[in-house]
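>>> Predicted model follows, preceded by the sequence.
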Number of protein chains: 2
Amino acid sequence: MTQTVDQKASAAAAAADAWLSAFQQALTARDAEAAAALFADESYWRDIVAFTWNITTAEGRTGVADLLRATLDQVDPTGFHVTEEPAEADGVVTAWIAFETTAGRGSGLLRLVGGKAFTLLTTLDELKGHEEPVNGRRPKGVSHGAFRDRVTWAESRSREATELGYTVQPEVLIVGGGQGGIALGARLRQLGVPTLIVERNERPGDSWRKRYKSLALHDPVWYDHLPYLPFPATWPVFSPKDKIGDWLEMYAKVMELNYWGSTTCTSAVREGDGWAVVVHRAGQEVTLRPRQLVLALGASGLPVVPDIPGREKFRGDQHHSSAHPGPDKYKGKRAVVIGSNNSAHDICAALWEAGADVTMVQRSSTHVVRSETLMDLGLGDLYSERAVAAGMTTFKADTIFASLPFRFLPAVQTPVYNAIRERDAEYYGRLEQAGFDLDFGDDESGLFLKYLRRGSGYYIDVGASELVASGDIKLAKGQVTELTEDEVVLGDGTRLPADLVIYATGYGSMNQLAAGIIGQDMADRVGKVWGLGSGTTKDPGPWEGELRNMWKPTAADGLWFHGGNLALSRYYSLYLALQLKARMEGIPTPVYKRAEVHHTE
Amino acid sequence: MTQTVDQKASAAAAAADAWLSAFQQALTARDAEAAAALFADESYWRDIVAFTWNITTAEGRTGVADLLRATLDQVDPTGFHVTEEPAEADGVVTAWIAFETTAGRGSGLLRLVGGKAFTLLTTLDELKGHEEPVNGRRPKGVSHGAFRDRVTWAESRSREATELGYTVQPEVLIVGGGQGGIALGARLRQLGVPTLIVERNERPGDSWRKRYKSLALHDPVWYDHLPYLPFPATWPVFSPKDKIGDWLEMYAKVMELNYWGSTTCTSAVREGDGWAVVVHRAGQEVTLRPRQLVLALGASGLPVVPDIPGREKFRGDQHHSSAHPGPDKYKGKRAVVIGSNNSAHDICAALWEAGADVTMVQRSSTHVVRSETLMDLGLGDLYSERAVAAGMTTFKADTIFASLPFRFLPAVQTPVYNAIRERDAEYYGRLEQAGFDLDFGDDESGLFLKYLRRGSGYYIDVGASELVASGDIKLAKGQVTELTEDEVVLGDGTRLPADLVIYATGYGSMNQLAAGIIGQDMADRVGKVWGLGSGTTKDPGPWEGELRNMWKPTAADGLWFHGGNLALSRYYSLYLALQLKARMEGIPTPVYKRAEVHHTE
């Protein structure tokens, strides 16, 4: 048994070494075709900033050869080697690798099938000469010795806070100080890139605090760590919204971010090789002139309320889910919640818990997964206590996830969701029995692909579905056609008496949100933000293979988009930060295959 | 070579296993003499709460037998085993061990010489049935499901903050919200012990923020971690005072401590089986009724200013080092700093840097060590980037340090300081040349023993000594006998013209500080706090072998002392918290050999 394991490992090591050695040889010889020949018929090379100064996936040997022809001379990749013992399972050899380029040091993950590369991920992890000052390179904190007119840390921080944005312009301006802006700000601080974050809410964390009171993160703690400072071992699995708010606030403080709260951004126009950005800070108009502008506005910045006839007649309370104060004053009232995704479910449950009479209006089918099942089958191998105990680090988990090409991801995810459906068959049966329309995505690939393709259409069940199944939350179906003084009227003529109407009807696109700042012309020029181009519902093609415009160069110089859930914000903030740092330092950053723009929305 | 290492390891493993097996057999047989016979002639068993519900060191076979006779039946120790491969070096076998007792699970470190125990450390790490809710036991954060009248995390925290100290009494009151109180508060929160911290300063961290502006920690980051939430990899080696202040403030927040700032404690009297403690919070008098009272007042709570004739005549500024605002307004002024320890040196250097004319008055010899040398030779094996890279964890480093019995510690430390003296011989020569009186402790054992014995008498050099050596900081020596309108007069008649006099003359004892709260009678009853009883300067005998009254039962029921630098606060807060938790839960805690009281000061 031991021998078999050893033999397998040694065969895996030999295969990985042979492949890397042949790959390196082809790269050194600048022989793109020879390198491409090492890839399988179906194969994917995902590069994050290391070769392409872009985030892009080359498909097949043709794609690989094209990528290499365009980049090899500039990148001069060297030293490909494995960083730990490769492993083999089900005929796939997996190897963690590292290498160097002209500009920096990179790492990645290689999967071989039959000696050929099936997937290759390459990432740029640090820039030579600009390594992060962490661990052995951490700052001293104080200069030992005696220096005339010494400036203390507090004085220096205070001076920076006073000057930045006024007498000293930031290199990078991040508009939006939620988790995305904060994570990126922390990376940029470590890389020595003068950065200012502006946020319309008063304090870091307010974008969580201000949401409906029963909200807790639907993702578990292992998935949610911020860069550099992971949550302590005491942290709850699902962060209550106010607790994650406090964490973000203290994180921004101890990571020394320059953070302007209560600041709204009204316009940003291109000026010279940078931007002129007008913000209002504490009643005062300030024009900022950063070289790089990052929009980290979140996916929930622009509440969408459908234009329903009769809205003005309705006598009760009505508001968008983002403005829902919580259920406390609605005990005994009749609430109609329009929508059936995460917010709709959470709000319905909280209203029921507080003693309201609740009806959910389902307008289209919804993907529902029980939180426990998702944790176990969907995330458990990478992000869980058992993963940690097995030696899985956050960076490794993120890298493994990033190494699965988006084209191939449905093939990985569909079996997971089939297993979920099977395990919870009885549960799904009860929901359908109650009349709830379920789906698992256009191609049955489940939640994460819905998130990547359209960012909506699902509920991670933390309790509301049982209330739907039991009828405690009443279910109505169809489109809302009218509001009267005290009713919600549906397309089929159903009339729902209501004291309260909540529009859990989602948010406008990130592009729309950006247009409010950079203007419609510029927004049209950069095009759609988010989505893979899968041609499924709300994710129009053509296929792009990466999230459109996220964390990488857009069609507009100096304009970047950042965001995603805590995990994506954590992981991609590194690569966006390195791109910004490289530009600040004047390191050449020729972008391979900047994505074409197909949609103005 | 490999074989030799393997053979050594296997011999070490056999020796450790044989010893533990014999030890366990004797314990099971309740044969104290047989167990004691396994110890060497010179031997030490340090127990932290596991066997003795005390912190105590048994010396020699007699001590061991006595400890066991008193505790065995109650403790019922079982399952002694090694937790990792034992190691052998220089004839000493070192083994990490674990075991169980009636009340909990323990661990420790064993050193064997010639098959006999030379040192044994045993610590109680957790109470059975009251394990900390961390990692795999962490709370869920939100209850999934549907519950009428759900209370959110924010509501629950807010209710606790409103009620605790008013309608709900804390089990534990911690007076003093510096690093010690905060670390202990975090432990108690995890153990579910209702705890309130009161602190005279407004915000957590103010005890650091309010000190002289050039202050940075003299201990490095690896030594300074708080429980549960270590500093990030980005943290500077030496925390500037305001930065550590911010960290403590956010730590208290995210660890959910009940912390009353701007609250002074005026009296605490025994009442029933608890305490009646009067505090003033925001101008309002509140009487708290905790069962347990912990004084975590710090060693710097009571500034001592010598009663020098003529003080009232002096026309310039004069203040204690603790009230020194920093050097900014003293450019070109003549400053006389009385004292020659850490604060005196730091303040002298900062005044020189700001352009003052500075004289230091050295009243007695001082132990000086260069920070770099101390980091390398004194701490490097346990607390450094290289230690971390070699797999050293903070808990292991703390445990190794705790495993060195105080009686034996000088024998371990003296060679270190001899090496320091040798490496920096030229440096010490220059200091002596400048007339500075140096010492390395009464028995040449250096800084850490000075800290444990008396808490004073040293300077960790971060730059000032070069100014002393060069004469940029002028040196005067002797006692101050008088102040005139504009001079400091010394015993030998030297007159030092002065615009500013700073008393870097240290602090009153912790016992004195406690007396201000618990009254002089109670303070006399518990006696001296801190010091080992070594019979060296400022550490009067008789020998106690542990820090008097620290982290363990005192002569007064329900009265505890907590504190020390960040490292000691971190480590011992666990064991103090477990003692408090056990009492709350009604677990029997018979104290073996409660220390006698010899000094009322």
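Looks like it came in fine. Predicted model, so just to flag it, every value in this text is computed and none were measured.

>>> And the strands in the stretch 1-150 of chain A?
A:39-48, A:55-59, A:78-82, A:87-89, A:92-100, A:104-113, A:116-127 (DSSP state E, counting those that start in this stretch).

>>> Compile those into JSON lines and extend it with columns for mean neighbour count and mean pLDDT.
C-beta coordinates here come from the backbone N, C-alpha and C atoms, glycine included. Putting these into JSON lines (neighbours: other CB atoms under 10 Å in any protein chain shown; pLDDT from 0 to 100) gives the following:
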{"stretch": "strand A:39-48", "mean neighbour count": "22", "mean pLDDT": "98"}
{"stretch": "strand A:55-59", "mean neighbour count": "23", "mean pLDDT": "98"}
{"stretch": "strand A:78-82", "mean neighbour count": "16", "mean pLDDT": "98"}
{"stretch": "strand A:87-89", "mean neighbour count": "15", "mean pLDDT": "95"}
{"stretch": "strand A:92-100", "mean neighbour count": "19", "mean pLDDT": "98"}
{"stretch": "strand A:104-113", "mean neighbour count": "21", "mean pLDDT": "98"}
{"stretch": "strand A:116-127", "mean neighbour count": "22", "mean pLDDT": "98"}
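
>>> Mind putting the ones you listed into CSV with distance to chain B?
Putting the strands of the stretch 1-150 of chain A into CSV (distance: least, CB to the nearest CB, whole Å) gives the following:
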stretch, distance to chain B
strand A:39-48, 22
strand A:55-59, 25
strand A:78-82, 20
strand A:87-89, 23
strand A:92-100, 18
strand A:104-113, 17
strand A:116-127, 13
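
>>> can I get the ones you listed in JSON lines with distance to B:Phe436?
Output for the strands of the stretch 1-150 of chain A, formatted as JSON lines (distance: least, CB to CB, whole Å):
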{"stretch": "strand A:39-48", "distance to B:Phe436": "57"}
{"stretch": "strand A:55-59", "distance to B:Phe436": "61"}
{"stretch": "strand A:78-82", "distance to B:Phe436": "53"}
{"stretch": "strand A:87-89", "distance to B:Phe436": "62"}
{"stretch": "strand A:92-100", "distance to B:Phe436": "51"}
{"stretch": "strand A:104-113", "distance to B:Phe436": "48"}
{"stretch": "strand A:116-127", "distance to B:Phe436": "45"}
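
>>> Next, count neighbours for the closest residue to A:Lys140 other than its chain neighbours.
Leaving aside its chain neighbours, A:Lys140 sits nearest to B:Val237 (5.0 Å; criterion: CB to CB, 6 or more residues apart in numbering or on different chains). Under the neighbour criterion other CB atoms under 10 Å in any protein chain shown, B:Val237 is assigned a count of 21.

>>> dump the residue contacts of the residue in the stretch 51-200 of chain A that chain B sits nearest to.
Per CB to the nearest CB, A:Gly141 is where the stretch 51-200 of chain A lies closest to chain B, at 2.8 Å. Contact partners of A:Gly141, counting by CB atoms under 8 Å, 6 or more residues apart in numbering or on different chains, are A:Trp153, B:Ala216, B:Leu217, B:Val221, B:Pro236, B:Val237, B:Phe238, B:Ser239, B:Pro240, B:Lys243.

>>> how about a cut-off of 6 Å?
Contacts of A:Gly141 were listed using CB atoms under 6 Å, 6 or more residues apart in numbering or on different chains, and they are B:Ala216, B:Pro236, B:Val237, B:Phe238, B:Ser239, B:Pro240.

>>> ok, which pair from those is furthest apart?
For the contacts of A:Gly141, the farthest-apart pair by CB to CB is B:Val237 and B:Pro240; their separation is 10.9 Å.

>>> Go ahead and measure how far the one helix or strand in chain A whose mean pLDDT sits lowest is from the middle of the chain.
Every helix and strand in chain A was compared by mean pLDDT, DSSP states H and E; the lowest is helix A:2-28, with a mean of 90. Averaging C-alpha coordinates over helix A:2-28 and over its chain gives two centres that are 34 Å apart (CA atoms, centre = their mean, to the nearest Å).

>>> Please find the angle between the direction vectors of it and strand A:92-100.
Angle, helix A:2-28 to strand A:92-100, by axes from the mean of the first three to the mean of the last three CA atoms, to 10 degrees: 40 degrees.

>>> which secondary structure elements does helix A:2-28 contact?
Helix A:2-28 sits against helix A:32-36, strand A:78-82, strand A:87-89, strand A:92-100, with contacts defined as 3 or more CB pairs under 6 Å, 6 or more residues apart in numbering or on different chains; DSSP states H and E.

>>> How about residues contacting the second one?
Outside of strand A:78-82, the residues within contact range by CB under 6 Å, 6+ apart are A:Ala16, A:Leu20, A:Phe23, A:Gln24, A:Ala95, A:Ile97, A:Phe99, A:Glu100.

>>> Same list (those) but as TSV, adding distance to B:Ala146.
Compiled in TSV, the contacts of strand A:78-82 are given as follows (distance: CB to CB, whole Å):
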residue	distance to B:Ala146
A:Ala16	51
A:Leu20	54
A:Phe23	55
A:Gln24	58
A:Ala95	47
A:Ile97	48
A:Phe99	52
A:Glu100	55
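
>>> Quick one: end-to-end distance for stretch A:74-89.
End-to-end distance for stretch A:74-89, by CA to CA, to the nearest Å: 36 Å.

>>> quick one: the helices in the stretch 301-450 of chain A?
Under the criterion DSSP state H, counting those that start in this stretch, helices of the stretch 301-450 of chain A are mapped to A:342-353, A:371-373, A:385-389, A:394-402, A:409-423, A:425-433, A:447-453.

>>> Distance check, A:Asp273 against A:Ser470.
Distance of A:Asp273 to A:Ser470, given as CB to CB, to the nearest Å: 61 Å.

>>> still on that earlier bit, what about the residue nearest to A:Lys140, distance to A:Gly141?
Between B:Val237 and A:Gly141 the distance is 6 Å, computed by CB to CB.

>>> Surely the residue nearest to A:Lys140 and A:Val142 touch.
No - when contacts are counted by CB atoms under 6 Å, B:Val237 is not listed as touching A:Val142 (8.5 Å).

>>> any low-confidence regions in chain A?
Across chain A, residues meeting the criterion (pLDDT under 70) sit at A:1-3.

>>> In terms of helices and strands, where is the closest residue to chain B within the stretch 151-300 of chain A?
Among the residues of the stretch 151-300 of chain A, A:Pro236 lies closest to chain B, at 2.8 Å counting by CB to the nearest CB. Taking DSSP states H and E as the definition, A:Pro236 sits outside all helices and strands.

>>> Give me the buried subset of the contacts of A:Gly141.
Among these, those buried by neighbour count (16 or more other CB atoms under 10 Å in any protein chain shown) are B:Ala216, B:Pro236, B:Val237, B:Phe238, B:Ser239, B:Pro240.

>>> The first one against B:Lys243, yeah?
Put plainly, it is B:Ala216. No - the criterion here is CB under 6 Å, and B:Ala216 misses it with B:Lys243 at 8.4 Å.

>>> Grab the nearest non-local neighbour of A:Gly245.
A:Gly205 is the one closest to A:Gly245 (CB to CB, 6+ apart), at 3.1 Å.

>>> Please apply the same query to A:Leu173.
Taking CB to CB, 6+ apart as the measure, A:Leu173 lies nearest to A:Pro290, with 3.7 Å between them; neighbours along the chain are not counted.

>>> Spit out the contact partners of that neighbour.
Residues in contact with A:Pro290 (CB under 6 Å, 6+ apart) are A:Pro170, A:Val172, A:Leu173, A:Gly274, A:Trp275.
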